[in-house]
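S.K.: Mind folding the following:
(chains A and B)
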Amino acid sequence: DSGVTQTPKHLITATGQRVTLRCSPRSGDLSVYWYQQSLDQGLQFLIQYYNGEERAKGNILERFSAQQFPDLHSELNLSSLELGDSALYFCASSAGLAVPYNEQFFGPGTRLTVL
Amino acid sequence: ILNVEQSPQSLHVQEGDSTNFTCSFPSSNFYALHWYRWETAKSPEALFVMTLNGDEKKKGRISATLNTKEGYSYLYIKGSQPEDSATYLCAFSNRDDKIIFGKGTRLHILP
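M.R.: Residues are numbered from 1 along each chain as shown, chains lettered A, B, ... in the order given. I've put the predicted structure just below:
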């Protein structure tokens, strides 16, 4: 158990809908990262937050947004869902700001299925 | 386009044998190289973070080396055990804070 929690574990929804995925980082970790794992792709980095502020952006679509709250939990909002958004979404957390010096701890993931 | 390649894609190794696999990444604008171990139905678990050319890291029977000038890293497993069966991912991060993962090497240890 990494100490990172994600809810829900599974989510099934329809095209065009909007969903929110939630992540609670390990106690004391300030950085949260979101990743997408599709069937035919490797892990894709979406976005990083550090202590409430957006720190780095990867391949995140405009239909997706995220935020990190004062209690450091983070939410990833996915809207106007398409079939291709079906994937496993991971959240990871690390203690500090700089990626190279901090090990990332991954949550169990949220499996999103868009029908 | 930034690309991280891992080879081989899949590997079958006899229990007790040693093995290694490769991660190739862009050599310019390098910041760090991460190795993760990902067991089926679990989450990726960090193995190593390497930042300096020539870095060598070791954790038990697993070790890794880094060559930032030519853009590659090797992961070595000595005396493979059944519990080593997993997908091994590498991830490259650059100074623009981009994090790029390879597609992984799936390792199967044969009893």
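S.K.: Going by C-alpha atoms from here, please, whenever you check contacts or count neighbours.
M.R.: Fine.
S.K.: A:Arg55: how many residues sit nearby?
M.R.: A total of 16 residues lie near A:Arg55 under the criterion other C-alpha atoms under 10 Å in any protein chain shown.
S.K.: surely B:Gln81 meets B:Gly16?
M.R.: Yes: the pair B:Gln81 and B:Gly16 passes the contact test of C-alpha atoms under 8 Å, sitting 6.3 Å apart.
S.K.: The two: which has the busier surroundings?
M.R.: Comparing B:Gln81 with B:Gly16 by neighbour count (other C-alpha under 10 Å), the higher total belongs to B:Gln81, at 19 against 15.
S.K.: Show the contacting residues for the residue lying closest to that one once chain neighbours are set aside.
M.R.: Closest residue to B:Gln81 apart from its sequence neighbours, by C-alpha to C-alpha, 6 or more residues apart in numbering or on different chains: B:Glu15 at 5.4 Å. Counting by C-alpha atoms under 8 Å, 6 or more residues apart in numbering or on different chains, B:Glu15 makes contact with B:Gly79, B:Ser80, B:Gln81, B:Pro82, B:Ile109, B:Leu110, B:Pro111.
S.K.: who's B:Asn20 bridged to?
M.R.: On the basis of DSSP bridges, B:Asn20 is bridged to B:Tyr76.
S.K.: and it, how far is that from chain A?
M.R.: 20 Å (C-alpha to the nearest C-alpha, to the nearest Å).
S.K.: what do you get for B:Lys69?
M.R.: According to C-alpha to the nearest C-alpha, B:Lys69 stands 17 Å off from chain A.
S.K.: No further questions, thank you.
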